[in-house]
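Participant: below: sequence and its predicted model.
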Amino acid sequence: MAELVLWDVDHTLIDTRGVGRELSAAAFLQTTGQPMRQQARIDGITEPVIFRETAKLHGLSTDRADFERFARALTTAHLERAAELRERGHALPCAAAAVDALDSAGVRQTVVSGNIRRVAEIKLQVFGLDTPILWELGAYGEDHDVRADLVRLSLQRADTTADGAVLIGDTPADIEGAHANGVRVIAVATGRSDQTALRDAGAEVVLPDLRDVELLVKLVRNGA
C-alpha cells in the first residue's frame, strides 16, 4: 500500500497553455542577453538541462552560476505574471479533486519535478493545488539534472521505501525515473504521450486523465 504520492506538475496537474514558455524566454533573455529563438526538448527534462541545452542551441556555453541566475529570473517572472498564468492556464480536469481525495485518504503527497521548487510552488498555488503538498519531501530541478536522482532523493527525504510510494506523471521520463528506483507508476495521458506510448514505456497503470478520482485513490492505496 502506497503511503506517498510523487506528483509531476506540468501536463499531469496543470497546463500553462504557453505561458510557461513565454516566462522561460523572458528569463533566458535576462540571463544571457539573447532572445530565445528556440527551446530544447522539455518533456520530462529537468530545468537545468533545458537551460543548458537551450543555451547550446544559441551557441552559448553556460555554467551553474548562469543557471542559478536563470532560476532567479524565472521565479521572478512567475511571481510577476501569476495573474496571467491563472487567466490563461488551467488545472487539469479533476486535479483538485484528486489531490483533495488523496489527502482525505491519509496519503502523503509531494512533488518530483524538473521545475525549480519555487516555480513548482507558484504553479500549484495559482491553481489552488498546493495545500496538501508536503514540499520538503519533494525533489526539484535545482537538486539534480536526472529525474531518477530526483525520485531517489524524494524517497530519502520522505524516509519511505520504493514500495511505499507511487509516482503519477505523464511522460516516459517519469516512468523511467520511477522504475530506476523501483517505484510504481500511474501514468496519465494528459500530456504529449498517448496511452499506448505510456504503456510501452512500462507504466503499471495508464489512465486517460484524473477524472476517475475514486479509481485513482484505489490504485494508489491498493495497487494495480
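Facilitator: Sure thing, it's come through. Numbers count the residues shown, from 1 in each chain.
Participant: need the pLDDT of residue 1.
Facilitator: Predicted confidence (pLDDT) for residue 1: 73.
Participant: could you do the one 5 residues further on as well?
Facilitator: On the pLDDT scale, residue 6 is placed at 98.
Participant: who touches it in this structure?
Facilitator: 110, 111, 112, 138, 151, 154, 165, 166, 167, 168, 178, 183 (C-beta atoms under 8 Å, 6 or more residues apart in numbering). Every C-beta, even on glycine, is put in place using the N, C-alpha and C of the backbone.
Participant: pick out whichever of those residues sits closest to residue 195.
Facilitator: residue 168 (14.6 Å; C-beta to C-beta).
Participant: partners of the closest one in the sheet?
Facilitator: The partner list for residue 168 in beta bridges (DSSP bridges) reads residue 7, residue 186.
Participant: mind putting the contacts of residue 6 in CSV, neighbour count and distance to residue 200 included?
Facilitator: Converted to CSV, the contacts of residue 6 look like this (neighbours: other C-beta atoms under 10 Å; distance: C-beta to C-beta, whole Å):
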residue, neighbour count, distance to residue 200
110, 22, 27
111, 28, 26
112, 31, 22
138, 25, 28
151, 26, 20
154, 25, 25
165, 25, 23
166, 25, 20
167, 27, 17
168, 26, 18
178, 30, 15
183, 27, 19
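Participant: what's the lengthiest helix in the chain packed up against?
Facilitator: Ranked by residue count, the top helix of the chain under DSSP state H comes out as helix 64-80. Under the contact definition 3 or more C-beta pairs under 8 Å, 6 or more residues apart in numbering; DSSP states H and E, helix 64-80 sits against helix 19-32, helix 47-57, helix 117-126.
Participant: now distance to residue 92 too, for those, in a markdown table please.
Facilitator: Rendered in a markdown table, the data for the helices and strands packed on helix 64-80 read as follows (distance: least, C-beta to C-beta, whole Å):
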| stretch | distance to residue 92 |
| --- | --- |
| helix 19-32 | 14 |
| helix 47-57 | 21 |
| helix 117-126 | 12 |
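Participant: right, I'll leave it there.
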